Structure formats: structure tokens, C-alpha cells
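**Q** Pasting a predicted model and its sequence here:
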Amino acid sequence: MLIDSFSVEHGMANAQIGIVGGGLAGALTALKLIRATTEGIDITLIGSDPEIGRGIAYSTRNPSHLVNGPAKNFGVEPQQPDHLARWLQSHAAALGWQPPAGVAFADSFPPRWLYGTYVQHQLEQAIAQNAGRVGFRHVSDRVVGLRRHGQGYGIVTQSGAAIAVGQVVLATGLFRKSATEPAEGARGARPSIHDPWHDQAYDGIDRDREVLVVGTGLSALDVILSAEDAGFKGRYIAISRRGLLVQERLDLTAWPDVLDPQDLPTQLSQVVAAARRARRSIRQNDGHLHQIAGAIRPHLPELWERATLREKRQFIRHLRPFWENILHRAAPVSVERLQAIQRAGRFTQVSGRLTGLDRAEDGSLAVQWTPRGSQVTRTVRADRVIGADGFEFDWRKVSDPLVKDLLAQGLVHPDDTGFGIAAHGASGQVLDSAGQGVDGLYAVGHPLRGVNWESNSIGEQLAGAIRTAEFIASRTPSGGVRAELEASQ
Ligand SMILES: Cc1cc2nc3c(=O)[nH]c(=O)nc-3n(C[C@H](O)[C@H](O)[C@H](O)COP(=O)(O)OP(=O)(O)OC[C@H]3O[C@@H](n4cnc5c(N)ncnc54)[C@H](O)[C@@H]3O)c2cc1C
């Protein structure tokens, strides 16, 4: 479904907003800008995908790729927790999906394509309901540069268009790390590593005997489910640095009294000590270790803001893989399929690093890897290799033309953690290389990874979109702002 273009001239530069990137973050930012303003606003969303609101996560058409939490967690209206469940109730059947028998819509884990459709519907509705004052234009193109243009910006696209706006939101999302490249330092045949979300990655896989999956997290689970659905009957070998396999999402409450909200720790070591105390108490009281993450997560923005750069780096280096493994869990039904594959002896997992890839004489691939903690290189045979080992968050290593252009101009500055760009956490306003707020330039979602740490799940993207939209709305000439987050508290 494509959102049709229409444009209304308001002649107020600040009320002309350009959004770069049409994935979830871009769509939510547009939606929340419409909600946050009361006067005329003109939004131009430039995204390289034909559809808005899908991006990498919600473009998949595979019905086995589910959102990783129940629908009650993922509505886009914070004041209405049952918003998504109600939408599913009225639209899902007509769109060809029903929750499993006996499961309420609120407790169901809908497919991700359907979630993308939900987001599109919300934006389309908001545009239609505000047609008199909101101009919305979707430009399907790639942004390659940004120029200061009077009081605003000129957005330069790959096709040569230049779009003048007053303010710009960067919702550029995720950049592939090794979709088609072996891990850093690896040598060998580059095209042999498949992009997990490219349909051709699974062509003819039913004839393969061994598939090597790089990664053991949520993306690796996507790969395995896609391969199964495409008829693969052979064996998987999954390789990841730490060997932390994706886990199922359990409906758990946060463990009580892990942190005192009135007196949050000021040091990482205090958070770790609190987690250890909670672990002891959980073991004594038959709890589940994942309940610790539930207790810490709500305070993460504040803890992250208080942390020193050294502590942030320590966290990233030593704790991040475990934190992400606990936090980013999958729908139980998806993990059950993986467990059945394991029980059938079709899944082997190794910890280590991919170091090379060659085509063997028999046409198969010889994958070189080094086990964790070892210097010895081993070789394993596979018929194909699919890369599901994550994304590149360090903008200095991203080869995207816009990223390079923004860095070269000093309009954005890499965050000191090496994740995303520097910005004011509260508004998403980008900081330049001198640490000054760049007038009229914002980021939402993944570019703020280093600033807010948790900025990538649906709830965090939504909160970020609302914060930035409200800040932008407060700067438009109309000044009319509806504070959605405040209203919901
Ligand atoms: C496979 C996967 C599954 C996920 N599942 C869940 C889940 O179940 N629950 C949950 O809470 N979170 C989930 N997430 C996390 C989160 O919801 C997603 O990361 C989120 O969709 C990211 O949205 P985004 O718009 O920031 O980025 P993206 O999805 O990467 O979209 C960014 C878009 O911007 C475009 N773009 C980038 N640069 C430019 C440019 N210069 N010009 C034009 N366009 C540009 C890209 O092409 C892309 O279309 C998942 C993430 C992934 C990767």
C-alpha cells in the first residue's frame, strides 16, 4: 500500500519538515508531528523504500516473522494501550490473519508485515483527518546530502531533486553490517554470504544439506524460519561470538525493589551489585532471572545519562551481549520451532568468529572460523552462508552517501560510544562536531543508540518520535503543541 502524495503550501519554513527515512521511525515521527501540532504543517517524507512504515523489520511478507511481544505492548497511542489489539480485531481477518484459537488479540503476537500495515493505516488516517492543515508528501528516493539553505535545509536526493524544508528529522534506521560481506578481516568470496531479508537468499535451499547462519539472535531466528518455510530439511550451523542463542519472551513481571526510583545508582558497579542481589533473591524465591531486566529497563535512560563514558564503554564491551540476549527475545511459538529443530539434531551452535570463506572444488563453501578464545582456525563445509550478525552502528564505518556527507560537513558528530551520533537525548536535536545543537536538525531511533542506548524497539521508537515531534511543534510558527507523552502520564 502506498500513501498518496499531496501537498499544501503554508509558506512557513519552520512548519515544513523533511523526514529522511520511511521505516517505522520515519512513519511514527510523521504521525506524531501531525498529532503534536494544531496549526498548518507540511511534511515531506523521503524514503528509499516504496512503502512507508515498514523498513527492514516490517517489510517481510513471511507470516512466520512475528513481532516479539504481545499486541498489548505495541500500540502507537500511549493513552490507549489496547489500540493495536482493537485495530487487529477490526482489520486482521480481512487482511488474512487471525490469532491462534483461544488467544485474545491483546495477547497475540501478530506477523510483522501486519504490524507495518497497522502503522501505515494510522498515518494515512491522521493525514486524512487533518487534510485541511496537514500537507504530506512521500518521495520515494534516496537522500544523498543535506545543505544549509537560508534558515532551513536543502535535501538532495539520488535522482537529483533538491527539496527545501525548514527542519529535518533523520530517521535513517539500521545500516547493514555484513549483509553481503564476511566479518571484518575475513577473506574470500563476498557474494556467498546472503542477505537474510532478500528473497533470493532462500532460492533452492530445499536442495541444500548444510546452511551456516552467522548470528544466533533474533535475525538468525528469522533466517531459520524462512529456510524452514522454503523447504530446507538439512542441518544448520550457527556461529556467533558468544554463542548466546535467542530466547523466548516470557510474560514476567519486573522483580520488585531491584532499584529505588527515588535513589537511582550513580555508578555502573552499583547497578551490577543491585542485579547480583536481585539474582540471589530470585534464586531463593523461585523467580526468573529475566525479571531483573524488566526492573532495570524503565530506568535505563536515566542510568545511561548518568553513566560516564568509561562506564558506557565497559557496559558495551562486557555486558551488552547478555543484556541484549535477555531483552530482545522472540515470540514463544517461533522459539518452539527452533527447539523442535534442535531436538531433531538439525541445529549446531558454535562460539567464535568467521574468518574466511572459499569455494571448495565440489562447489560447496569452505567456511573458516576461529573458536572463541582460540587462535586455531577451523573449517566447516556449508552449501550456503546467510549473514544475520547484526548492523553497523558506528557511523564512521557506514558507507552510505548521506552519512558520509553529514560527517564531512560536521553537521553530525559520531557519539563517543561509537554508536550513532551525538544529540540531545530529550529532543533528538543533533549536536555538531563542536558539541553545539544544530538548529532544525533532529534524529529519531537508531541514530540515537549511543545517546539513549535503548532506542530501537517499537516502544522506544514511539517515545522518541513523540519527544522530537513535540519539540519541533513547539518551534513551529503556530506554536500549537499537544503534549502526548505528558497527557499519557
Ligand atoms: C528484523 C527485525 C525485527 C524486529 N522486530 C522487532 C519487534 O518485533 N519488536 C520491536 O519492538 N522491535 C523490533 N525490531 C526493532 C525496531 O522495531 C526496528 O529496528 C525498527 O523498525 C527500526 O525502524 P527504523 O525506521 O528506525 O529503521 P529501518 O527499518 O532501518 O528503516 C529506515 C528506512 O530509512 C531508509 N533510509 C535510510 N537512509 C536513507 C536515506 N539516506 N534516504 C532515504 N531513505 C533512507 C531505509 O532504506 C529504510 O527504509 C526489529 C528489528 C529488526 C531489524
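**A** Sure thing, it's come through.
**Q** Tell me the spacing between Gly373 and Arg242.
**A** 11 Å (Cβ to Cβ, to the nearest Å). In short, each C-beta sits where N, CA and C put it, glycine included.
**Q** Tell me which of these two has more neighbours.
**A** Higher neighbour count among Gly373 and Arg242: Arg242, with 12 against 7, using other Cβ atoms under 10 Å.
**Q** Just confirm that one contacts Gln349, I think it does.
**A** No - in this structure Arg242 lies outside contact range of Gln349 using Cβ atoms under 8 Å: 10.7 Å.
**Q** quick one, what contacts the residue nearest to Ala254 when sequence neighbours are not counted?
**A** Nearest residue to Ala254 in three dimensions, chain neighbours excluded: Gly294, at 3.6 Å (Cβ to Cβ, 6 or more residues apart in numbering). Residues in contact with Gly294 (Cβ atoms under 8 Å, 6 or more residues apart in numbering) are Leu252, Thr253, Ala254, Trp255.
**Q** Just the buried residues of the residues you listed.
**A** For the contacts of Gly294, a burial check counting by 16 or more other Cβ atoms under 10 Å picks out Ala254, Trp255.
**Q** any idea how far Val333 is from the ligand?
**A** 13 Å (Cβ to the nearest ligand atom, to the nearest Å).
**Q** any idea which element that residue lies in?
**A** Here Val333, judged by DSSP states H and E, is contained in helix 332-343.
**Q** Please tell me the pLDDT value assigned to the residue lying farthest from the centre of the chain.
**A** In the chain, counting by Cα atoms, centre = their mean, Glu361 sits farthest out from the average C-alpha position, at 39.5 Å. pLDDT, Glu361: 81.
**Q** how about the residues of the stretch 201-350 of the chain that lie near the ligand?
**A** Leu218, Ser219, Asp222 (Cβ under 6 Å from any ligand atom).
**Q** Tell me how many other residues crowd the second one.
**A** Under the neighbour criterion other Cβ under 10 Å, Ser219 is assigned a count of 22.
**Q** So it is in contact with His328, correct?
**A** No - contact criterion Cβ under 8 Å: Ser219 and His328 do not qualify, at 10.0 Å.
**Q** list residues touching both of these two?
**A** By Cβ under 8 Å, 6+ apart, no residue touches both Ser219 and His328.
**Q** What pLDDT is listed against the residue lying closest to Ala426 once chain neighbours are set aside?
**A** With Cβ to Cβ, 6+ apart as the measure, Arg467 is the residue that lies nearest to Ala426, at 6.4 Å, once sequence neighbours are left out. With respect to pLDDT, Arg467 scores 96.
**Q** now Ser364
**A** 87.
**Q** Can you get me a residue count around the residue in the stretch 101-250 of the chain positioned nearest to the ligand?
**A** Residue of the stretch 101-250 of the chain nearest the ligand, by Cβ to the nearest ligand atom: Gly173 (2.1 Å). For Gly173, the neighbour count with other Cβ under 10 Å is 23.
**Q** and it, what is it in contact with?
**A** Going by Cβ under 8 Å, 6+ apart, Gly173 touches Gly21, Gly23, Leu24, Ala25, Gly26, Gly55, Ile56, Gly445, His446.
**Q** let's go with 7 Å and repeat that
**A** Gly21, Gly23, Ala25, Gly55, Ile56, Gly445, His446 (Cβ atoms under 7 Å, 6 or more residues apart in numbering).
**Q** Pop out the phi and psi values for it.
**A** phi 70, psi -140 (degrees, to the nearest 10).
**Q** separation between Pro298 and Leu259?
**A** 9 Å.
**Q** Compare these two and say which is more crowded by neighbours.
**A** Shown here are Pro298 and Leu259; by other Cβ under 10 Å, Leu259 has more neighbours (21 against 11).
**Q** Go ahead and report the secondary structure state at Arg449.
**A** In three-state terms, and counting by DSSP: H, G, I helix; E, B strand; the rest coil, Arg449 is helix.
**Q** neighbours around it, how many?
**A** 22.
**Q** Quick check: it vs the ligand, distance?
**A** 10 Å.
**Q** list the contacts for that residue?
**A** Here Arg449 is in contact with Phe393, Phe419, Gly420, Ser455, Asn456 (Cβ under 7 Å, 6+ apart).
**Q** So which residue is dead centre in the chain?
**A** The chain has Asn456 as the residue nearest its centroid, 4.2 Å off, counting by Cα atoms, centre = their mean.
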